[in-house]
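Asks: Okay, structure incoming, though there's no sequence with it:
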């Protein structure tokens, strides 16, 4: 947590879920900084359509192990 910037703490305001935007956007290929940007984007734009898109993308990511090492 010593490397956190002030805006990184906003990520902790969300409830944990089964999947998230950064996991379907590259998982291990995503940098720490971009992971936080995607989490912040999700928290600011959370809606049912975004959730459905994430769920649909999750299926492909799991099936093809995209970004998994």
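Replies: Now that the structure is in, tell me what you want to look at. Bear in mind the structure is a predicted one, so any value in this text is a computation, not a measurement. Residues are numbered from 1 along each chain as shown.
Asks: For the chain, just list every one of the helices.
Replies: With DSSP state H as the criterion, the chain has helices at 32-45, 48-64.
Asks: With mean pLDDT and mean neighbour count added, can I get these in TSV?
Replies: (Glycine included, C-beta is placed from N, CA and C.) Shown next, in TSV, are those (pLDDT from 0 to 100; neighbours: other C-beta atoms under 10 Å):
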stretch	mean pLDDT	mean neighbour count
helix 32-45	87	15
helix 48-64	89	12
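Asks: quick one: which of the ones you listed is nearest residue 11?
Replies: When the helices of the chain are compared by C-beta to C-beta, helix 32-45 sits nearest residue 11, at 4.5 Å.
Asks: if we look at that closest one, which residues are touching it?
Replies: Residues from elsewhere that reach helix 32-45, judged by C-beta atoms under 8 Å, 6 or more residues apart in numbering: 3, 7-8, 10-11, 13-14, 20-22, 25, 30, 50.
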